[in-house]
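J.: Predicted model and sequence below, questions to follow.
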Amino acid sequence: MATTEKPVMLVAVDDSEHSMYALEWTIDHFFAALASNPPFKLVAIHAKPTPTSAVGLAGPGAAEVLPLVDSDLKRIAARIIEKVREVCARKSINDVLVEVIEGDARNVLCEAVEKHHASVLVVGSHGYGAIKRAVLGSVSDYCAHHAHCSVMIVKKPKTKH
């Protein structure tokens with residue numbers, strides 16, 4: 001009897017609290033209660049910006065700055081991987097694949113969906129207003145329109161003051 005592969009749930013992670021909230025929410029709602037046999041394979045993807053996109057310059061002095069920026073981006077990525085593994089371990093999730101892929105988050109996530117044949121892509125919402133979203137672009141909006149799977153946008157509840 002052939003074993004069937006579990007569907008893949010891909011979670012986008014970055015260094016924001018919204019991203020980690022989305023990861024924890026996903027684990028709590030889809031993995032924790034069934035930790036011994038979860039219904040999905042969990043894959044966490046971090047899109048590491050390229051040094052040139054992070055700096056936004058290519059003029060004089062860029063050659064000296066880019067290696068430093070790249071080093072910082074690698075440190076941030078390592079910290080994100082560590083945090084993902086800590087969250088998963090704390091919630092008794094031992095089978096998680098964590099990948100860091102360099103590039104624009106929108107493209108990286110849509111390509112990861114294809115690569116892993118994901119059934120669901122989970123992204124956190126930063127909760128930007130219309131103007132900021134128009135200027136920065138919305139990763140979740142882009143993925144909702146271009147990823148070839150269902151996209152779940154997890155919003156962190158606003159705290160009451």
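T.: It's in. Numbering: from 1, shown residues only.
J.: Strands of the protein, residue ranges please.
T.: Using DSSP state E, the strands of the chain run over 8-12, 41-48, 96-102, 118-125, 150-155.
J.: Could you pull up the residues touching the closest residue to residue 69 other than its chain neighbours?
T.: Closest residue to residue 69 apart from its sequence neighbours, by Cβ to Cβ, 6 or more residues apart in numbering: residue 51 at 4.3 Å. In this view, the C-beta of every residue, glycine as well, is placed from N, C-alpha and C. Applying Cβ atoms under 8 Å, 6 or more residues apart in numbering, we find residue 51 in contact with 66, 67, 69, 70, 73.
J.: What ranges in this protein fall below the confidence cut-off?
T.: Scanning the chain for pLDDT under 70 picks out 1-4, 35, 56-62, 127-137, 160-161.
J.: could you check the angle strand 96-102 makes with the lengthiest helix in it?
T.: When the chain is parsed with DSSP state H, its longest helix is helix 62-90. With axes from the mean of the first three to the mean of the last three Cα atoms, to 10 degrees applied, the angle from helix 62-90 to strand 96-102 works out at 170 degrees.
J.: Show me what helix 62-90 is packed up against.
T.: Other helices and strands packing on helix 62-90, by 3 or more Cβ pairs under 8 Å, 6 or more residues apart in numbering; DSSP states H and E, are helix 17-26, strand 41-48, helix 51-55, strand 96-102.
J.: Out of those, which is the most enclosed?
T.: Comparing these by mean neighbour count (mean count of other Cβ atoms under 10 Å), strand 41-48 ranks first with a mean of 22.
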